[in-house]
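In: Sequence plus the predicted model coming up.
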Amino acid sequence: MTVNTYRIAVIPADGVGAEVVEAGRAVLDALAGASAGRFGFDWHEFPWGSAYYAEHGRMMAEDGLDQLKGFDAIYFGAVGWPGVPDHVSLWGLRLNICQNFDQWANVRPVTFLPGIESPLRAADRADLDWVVVRENSEGEYVGLGGRTFGARAGGSEVAVQSALFTEFGCERIMRFAFELARTRTRKKVSSVTKSNAQQYGMVLWDDVFARVAGEFPDVETESVLVDAMAAKFVLRPEELSVVVASNLNADILSDLGSALAGSLGLAASANLNPERRFPSMFEPVHGSAPDIAGRGIANPIGAIGSAALMLDHFGLHDEATAVRQAIERTTAGGVRTRDVGGTATTREVTGAIVGNL
Ligand code: NAI
Ligand code: MG
């Protein structure tokens, strides 16, 4: 009998989302199969996404959030497809879930894998490994604003897109970052700011960072402007451990981080509701990649790494480590998709990871 069965809502959504989610499920099912009944996964797949939108005029069922609420976690692919405006698909599904389930901490490790070439020179001489902690509930993506004056003569429309920074929101993400730093070899938090130009929201961000830092005297800190941080990712990445940033800044920096590690297809992410009032959501950082979708060549490592973060969330730390080690053995052994210089298909990489478990 299976002692612990985790109920997972699966939303593959669009493009390569379906291909990489299938890969992550295969790895977790293999792990469960080898656990001698200690744990298992009960998957419930939801057909939401851009095709669903074409049929129903909405990205997910009207009571979709109610349907998801009772699950232990959500495993997500990627959303967005030509024909549906990106702001409609993103807000209608992924951001809708993140916001309403208060998944306020988005954890995005930047991992350098053996056998995968980084464009960074430093990758050869330093042990690089850092994690971007993204404020995932407010900031620039709070969704406040509007468009008006559309009826005026051509060219007069006006749009306001406001960023919102609250002391509450800043404080909880920073405390989260400091606590994460305490679990790492290098106990350091780098705060990403832009308070030179954004004198209200980002100065509040800095003030809260300084105050929370005072509670963690054992953790090293620095505060870096976002433009300088982009340069630092490239030039001095060995100085990074935990990087805490606002919604937009972390969104951009984590794509940079995964590109530096070798490909957008490698990066994993967890959207956490740390209080566990709602299910958390695990998804690769990348999007639906319409340019390669349906060809079976998407890199599944970002999605499989996200499944490992889900195992961590369930307290299955040894199993999460086993998945990460199997990924390393696979890339070191030369089984790679073409975005990282190989020729293997999604299924071949997945099969090799399962074999290396
Ligand atoms: P993208 O991440 O889909 O693709 C960017 C580039 O990375 C492409 O060249 C693609 O082939 C490559 N790539 C992405 N994932 C890969 C993988 N697993 N293996 C190998 N190569 C991979 O970003 P793009 O093209 O800007 O957006 C496409 C759609 O995805 C848009 O509709 C966008 O709104 C959506 N999107 C959704 C996200 C989400 O659901 N979390 C995140 C980012 C974009
Ligand atoms: Mg992004």
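Out: All right, it came through fine. Ligands and ions are numbered 1, 2, ... in the order given.

In: and the next element down the chain from the worst-scoring helix or strand of the chain on mean pLDDT?
Out: Taking mean pLDDT, DSSP states H and E as the measure, the helix or strand of the chain with the lowest value is helix 122-125, at a mean of 76. Following helix 122-125 in sequence order, the next helix or strand is strand 129-135 (DSSP states H and E).

In: Tell me the pLDDT of the nearest residue to L120 once chain neighbours are set aside.
Out: Sequence neighbours aside, L260 is the residue nearest to L120 in space, at 5.3 Å (criterion: Cβ to Cβ, 6 or more residues apart in numbering). Bear in mind the C-beta positions are built from the backbone N, C-alpha and C, glycine included. Model confidence at L260, given as pLDDT, is 95.

In: likewise L120?
Out: At L120, the model reports a pLDDT of 87.

In: what sits against the residue of the stretch 251-357 of the chain found nearest ligand 1?
Out: In the stretch 251-357 of the chain, no residue comes nearer to ligand 1 than G287, which is 2.4 Å away by Cβ to the nearest ligand atom. With contact set as Cβ atoms under 8 Å, 6 or more residues apart in numbering, G287 has these partners: G15, A78, V79, G80.

In: OK, contacts around the closest residue to the first one other than its chain neighbours?
Out: Residue nearest to G15 in three dimensions, not counting chain neighbours: S288, with 2.9 Å by Cβ to Cβ, 6+ apart. With contacts defined as Cβ under 8 Å, 6+ apart, the neighbours of S288 are A13, D14, G15, V16, G17, G77, A78, V79, G80, W81.

In: Nearest to ligand 1, out of the residues you listed: which one, please.
Out: Taking Cβ to the nearest ligand atom as the measure, G80 is the one of these closest to ligand 1, at 2.1 Å.

In: quick one: what helix or strand has that closest one in it?
Out: In the assignment (DSSP H and E), G80 maps to no helix and no strand.

In: which ones are touching it?
Out: Going by Cβ under 8 Å, 6+ apart, G80 touches D14, G15, S50, D86, S89, L90, G287, S288, P290.

In: what does this protein have sitting close to ligand 1?
Out: Within the chain, the positions near ligand 1 by Cβ under 6 Å from any ligand atom are 16, 20, 78-80, 86, 90, 94, 263-265, 283, 286-292, 298-299, 302, 339.

In: so which pair among the contacts of G80 is furthest apart in space?
Out: Checking the contacts of G80 against each other with Cβ to Cβ, the farthest-apart pair comes out as L90 and P290, at 14.5 Å.

In: got any ranges where the stretch 1-150 of the chain has weak pLDDT?
Out: In the prediction, the stretch 1-150 of the chain carries residues with pLDDT under 70 at positions 1-2.
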